[in-house]
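**Student:** fold the following, please.
(2 chains)
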Number of protein chains: 2
Amino acid sequence: MNPETSHETRDADALIDEISRRVARDDLTGLAAIVSRAPTNDLVEACEHLPVRALAVTYRLLPKQRALEVFEALHPALQGDLVRGLQDAEVATLFAGLDPDDRVWLLDELPAALAPRLLRGLPERERELTAGVLGYPRESIGRRMSPEVLTTHPELTVAQTMERIRGGLDEAETVYTLPVLDRGRRVVGVVSLRTLLGAPLEARVDALMQDPVLVEATTNAEIAARRCADLGLLALPVADSEQRLVGILTIDDAIRILENAESEDSARQGGVEPLRRPYFSTPVMNLVRSRIVWLLVLAVGATLTVQVLSAFQDELEQVTVLALFVPLLIGTGGNTGNQAATTVTRALALGDVRPRDILRVLGREIGVGASLGALLGALGFAIASLVFEPRLGLVIGLTLLAVCTVAASFGGVMPLVAKMIRVDPAVFSNPFISTFVDATGLVIYFVVAKALLGI
Amino acid sequence: MNPETSHETRDADALIDEISRRVARDDLTGLAAIVSRAPTNDLVEACEHLPVRALAVTYRLLPKQRALEVFEALHPALQGDLVRGLQDAEVATLFAGLDPDDRVWLLDELPAALAPRLLRGLPERERELTAGVLGYPRESIGRRMSPEVLTTHPELTVAQTMERIRGGLDEAETVYTLPVLDRGRRVVGVVSLRTLLGAPLEARVDALMQDPVLVEATTNAEIAARRCADLGLLALPVADSEQRLVGILTIDDAIRILENAESEDSARQGGVEPLRRPYFSTPVMNLVRSRIVWLLVLAVGATLTVQVLSAFQDELEQVTVLALFVPLLIGTGGNTGNQAATTVTRALALGDVRPRDILRVLGREIGVGASLGALLGALGFAIASLVFEPRLGLVIGLTLLAVCTVAASFGGVMPLVAKMIRVDPAVFSNPFISTFVDATGLVIYFVVAKALLGI
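**Tutor:** Have a look, this model is predicted:
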């Protein structure tokens, strides 16, 4: 053994020791610092001597390019160990549970060559967990896609592609849509089985393929599913940031994603936590739990209205008739706000409106609210003048005009604000908007009343 | 000319005259009575002499079995005329616009042999109109399905079926799912292209096919689409009441149907008429129109609250502090009602709950409402007792208990009542429920207050 080798071995040994210690303490940050400094050949040697779990954890912290180099330098048996290690539930949980900020700086994308290999053959639940190891964030399509993709290449013929399809019938998620890959796994097109069946057997795929429509694996699952459904595609290839194929989203999975999202939206709009199972098989106590939190929050919010009314208690005592209109005025405000919120929330879900459109939405909703307020206000003025007296009619009419304008603009803008601060827009639910608009409406009402009635 | 023939001719001539007169007056009822009495051979002769429009209208009023006999007796050229006549926009509008009750007794199903022939080649909008001629009700899947179906037969081989697929590539709606028909057009199975590709060329279809999952053409489009999506099928065959194939529903059309239904549900839940196009391309005045009707209806409903409060004006003047809690109490009631309505409406849309479950739903929602009311009531009692006085606290607490129970049961039951009287459950929207619960809540509040405070 010459001194050079012995020196290297000592370095590698020291590295192995240091890695083992960090892994034992789950110290990912320290570990990441060590592997980023270590030379590639030391790392390869260390990888050959680490137990499977430590191997997986260490490997996962490598930057993408070095990860590819190390992977290719590993013995095939070790490559298999590594994949199994990364699939291990404990390791998967470790990475899947990472804080989003930590994830961004600790986990570079795994090479696309490894991604499908990691997910293939896993049952759906484990697949979702393991996808977290790939660095795909929670709720991303990378965690929901299928890795069993049948592909073809531009220079292959129809006959060769049909051969591939026949060979993949048992495993592939779909055989009806095939991503076309270049030599670097990059998606350069898509070809449908229907097109293949209509073409001569010797035709080349690149003459038949269509431009690819892709999603990135980090895309939000709902957005990816919506794209698949909107385009009426049976399947949508999923790629990494370099357009290299990592999986596929089929329309039936897209539908399931959208249906869950819509159940959630609908529930939140009504101020309920979504049920995880059918109505009748949800115990009554779970129904109570799905509603009580929101009800409490809203009830606490509603104490605002008690405070506003307390502030105007003198005026109320002088002109008790003012109290008669309180439910009508705040109810109308709440309804107007809910209408605006419902319309904008749905438009957001369909992708018709984006958060950056906030000023345009505000402008339109002020217009809509003022128009509605003018119509209702005129009616309110007429009726209250006839039944009570014209000055009170004027108070009611002007309050309706102001409340409708405020309610529509608030209701229209809130879903966009929610989206901006990365909260589900449906969380600023109709009940939430009603409660806020109630308090504001009361202030407007009494300010107008004080001014016009001179109390 | 012998007397017998002349007699028959006279009968047919008289029939033609009578038919022409009724057709001119759009008297479908009278016409139906005449054709039901006329002998089949007279009808065939009459059909040969009528102008195309009269031919189509008369023919359509025949009962199914006779319609098939007459069709088979007609010269092929006349068969073509008949199909064109039934496709005619004027004729289509006449039948499509029929009152549902009239439709049921006037229009028997057209024979399944005729149905796809009638719809084939029409653009989507006309197809939907013409499907009305087939007797499929508005909103039924018969009006939305595609008639261009590629089919196979149990005794055919894989090779023969592949031949059919290659021949149908240009026109068929889908080539991935093939209904398997017996000699009478009855659907006896379904076979996927994937299965065909994996089987030997000489295998027979009946050895490969799966049991058929069907919908009837008269099924509500949303229910059919939901079934297609829930089963994760790429296509769902559509049949008449005798399981004879009339069309197919593909998953992309099913998605469009579901998406529109969900936009409608979401809109109605918020008390808005659904927009027919994207938010920003809807003029402000159309947004106003989509909201004003509901707002007006709700505002008129809300005058109920003014009346209730007027009735208790004396009590309000004696104890003004009661007014302070009005928005909080009715707001909480509205929220509880909305939560229940949202949960049950979604469960209805997903098929988890049916109208006949109304008593079970009522029972559960009373339980949920009472639990929520007990929790909130206890809290309300504690806070109001501390800030104001214990007797007022008791009024608030008991009112919350009662209001939550009433609101949850009302909100849970209303969507089912709507469904029973064949109204979109989402029409009894959250705003509608709030308004009703507001008035009821006020009555409860003042009755409790009078009893406990002795006013």
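
**Student:** residue ranges with poor pLDDT in chain A?
**Tutor:** A:1-10, A:96-97, A:99-101, A:103-104, A:132, A:426-429 (pLDDT under 70).

**Student:** okay, now the domains of it?
**Tutor:** A:3-137, A:158-266, A:286-453 (automatic domain parsing).

**Student:** so which of these is nearest chain B?
**Tutor:** Chain B sits nearest to domain A:286-453 of all the domains of chain A, at 2.6 Å, using Cβ to the nearest Cβ. Backbone N, C-alpha and C define where each C-beta goes, glycine included.

**Student:** just to revisit the earlier point, ok, and which of the domains of chain A has the densest surroundings?
**Tutor:** domain A:286-453 (a mean of 21; mean count of other Cβ atoms under 10 Å in any protein chain shown).

**Student:** could you tell me the end-to-end distance of it?
**Tutor:** Distance between the two ends of domain A:286-453: 50 Å, counting by Cα to Cα, to the nearest Å.

**Student:** so how far is it from its chain's centroid?
**Tutor:** 29 Å (Cα atoms, centre = their mean, to the nearest Å).

**Student:** for stretch A:67-85, C-alpha coordinates in CSV please.
**Tutor:** The C-alpha coordinates for stretch A:67-85 follow below in CSV (Å, rounded to 0.1, in the frame of the first residue of the first chain):
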residue,chain,number,x,y,z
ALA,A,67,-25.5,13.0,-7.7
LEU,A,68,-25.4,11.9,-11.3
GLU,A,69,-21.6,11.4,-11.3
VAL,A,70,-21.7,9.4,-8.1
PHE,A,71,-24.6,7.3,-9.2
GLU,A,72,-22.9,6.3,-12.4
ALA,A,73,-19.6,5.5,-10.5
LEU,A,74,-21.5,3.1,-8.2
HIS,A,75,-21.5,-0.6,-8.6
PRO,A,76,-25.0,-1.7,-10.0
ALA,A,77,-25.7,-3.7,-6.8
LEU,A,78,-25.0,-0.6,-4.8
GLN,A,79,-27.2,1.5,-7.2
GLY,A,80,-30.0,-1.0,-6.2
ASP,A,81,-29.2,-0.6,-2.5
LEU,A,82,-29.3,3.2,-2.9
VAL,A,83,-32.8,3.1,-4.6
ARG,A,84,-34.1,0.8,-1.9
GLY,A,85,-32.6,3.0,0.8
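
**Student:** nearest residue to the middle of chain A?
**Tutor:** residue A:220 (4.2 Å; Cα atoms, centre = their mean).

**Student:** which strand residues bridge that residue?
**Tutor:** As for beta bridges, residue A:220 partners with residue A:140 under DSSP bridges.

**Student:** shouldn't it be in contact with residue A:142?
**Tutor:** No: the criterion here is Cβ atoms under 8 Å, and residue A:220 misses it with residue A:142 at 10.4 Å.

**Student:** among the domains of chain A, which comes closest to residue B:46?
**Tutor:** In terms of Cβ to Cβ, the element of the domains of chain A nearest to residue B:46 is domain A:158-266, at 46.1 Å.

**Student:** pull up the distance across the closest one, start to finish.
**Tutor:** 46 Å.

**Student:** and it, how far out from the chain's middle?
**Tutor:** 21 Å.

**Student:** next, give phi and psi for residue A:319.
**Tutor:** Here is the backbone geometry of residue A:319 (degrees, to the nearest 10): phi -120, psi 80.

**Student:** one more: residue A:192?
**Tutor:** Torsion angles, degrees, to the nearest 10, at residue A:192: phi -100, psi 150.

**Student:** from residue A:180, how far off is it?
**Tutor:** Using Cβ to Cβ, to the nearest Å, one gets 11 Å for the distance from residue A:192 to residue A:180.

**Student:** ok, residue A:238 next?
**Tutor:** Distance of residue A:238 to residue A:180, given as Cβ to Cβ: 15 Å.

**Student:** and residue A:346, which of the three is it?
**Tutor:** Using DSSP: H, G, I helix; E, B strand; the rest coil, the structure places residue A:346 in helix.

**Student:** what does the stretch 101-250 of chain A have sitting close to chain B?
**Tutor:** A:165-166, A:169-170, A:175-176, A:193-194, A:197-198, A:229, A:232, A:234 (Cβ under 8 Å from any Cβ of the partner chain).

**Student:** apply 7 Å and report the result again.
**Tutor:** A:165-166, A:169, A:175-176, A:193-194, A:197-198, A:229, A:232, A:234 (Cβ under 7 Å from any Cβ of the partner chain).

**Student:** tell me where the stretch 101-250 of chain A has helices.
**Tutor:** Remark: helices assigned in the stretch 101-250 of chain A by DSSP state H, counting those that start in this stretch are A:115-119, A:124-133, A:158-168, A:193-198, A:205-208, A:221-230.

**Student:** neighbours of the residue in the stretch 151-300 of chain A positioned nearest to chain B, how many?
**Tutor:** At 2.5 Å from chain B, residue A:270 is the closest residue in the stretch 151-300 of chain A, using Cβ to the nearest Cβ. Residue A:270 has 29 neighbouring residues, counting by other Cβ atoms under 10 Å in any protein chain shown.

**Student:** in what helix or strand does the closest residue to it other than its chain neighbours lie?
**Tutor:** Nearest residue to residue A:270 in three dimensions, chain neighbours excluded: residue B:342, at 2.5 Å (Cβ to Cβ, 6 or more residues apart in numbering or on different chains). Using DSSP states H and E, residue B:342 maps to helix B:326-349.

**Student:** CA atoms only: put that helix into PDB for me.
**Tutor:** Provided in PDB are the C-alpha atoms of helix B:326-349 (Å, rounded to 0.1, in the frame of the first residue of the first chain):
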ATOM      1  CA  VAL B 326     -79.000  40.700  17.200                       C
ATOM      2  CA  PRO B 327     -76.300  40.600  14.500                       C
ATOM      3  CA  LEU B 328     -74.200  38.100  16.500                       C
ATOM      4  CA  LEU B 329     -77.100  35.700  17.100                       C
ATOM      5  CA  ILE B 330     -78.600  35.700  13.600                       C
ATOM      6  CA  GLY B 331     -75.100  35.600  12.100                       C
ATOM      7  CA  THR B 332     -74.200  32.500  14.000                       C
ATOM      8  CA  GLY B 333     -77.500  30.900  13.000                       C
ATOM      9  CA  GLY B 334     -76.900  31.800   9.400                       C
ATOM     10  CA  ASN B 335     -73.400  30.300   9.600                       C
ATOM     11  CA  THR B 336     -74.600  27.100  11.200                       C
ATOM     12  CA  GLY B 337     -77.300  26.700   8.500                       C
ATOM     13  CA  ASN B 338     -74.900  27.400   5.700                       C
ATOM     14  CA  GLN B 339     -72.400  24.800   7.000                       C
ATOM     15  CA  ALA B 340     -75.100  22.100   7.100                       C
ATOM     16  CA  ALA B 341     -76.400  23.100   3.600                       C
ATOM     17  CA  THR B 342     -72.900  23.100   2.100                       C
ATOM     18  CA  THR B 343     -72.100  19.600   3.500                       C
ATOM     19  CA  VAL B 344     -75.400  18.100   2.400                       C
ATOM     20  CA  THR B 345     -75.400  19.800  -1.100                       C
ATOM     21  CA  ARG B 346     -71.900  18.400  -1.800                       C
ATOM     22  CA  ALA B 347     -72.900  15.000  -0.500                       C
ATOM     23  CA  LEU B 348     -75.900  15.100  -2.900                       C
ATOM     24  CA  ALA B 349     -73.700  16.000  -5.800                       C
END
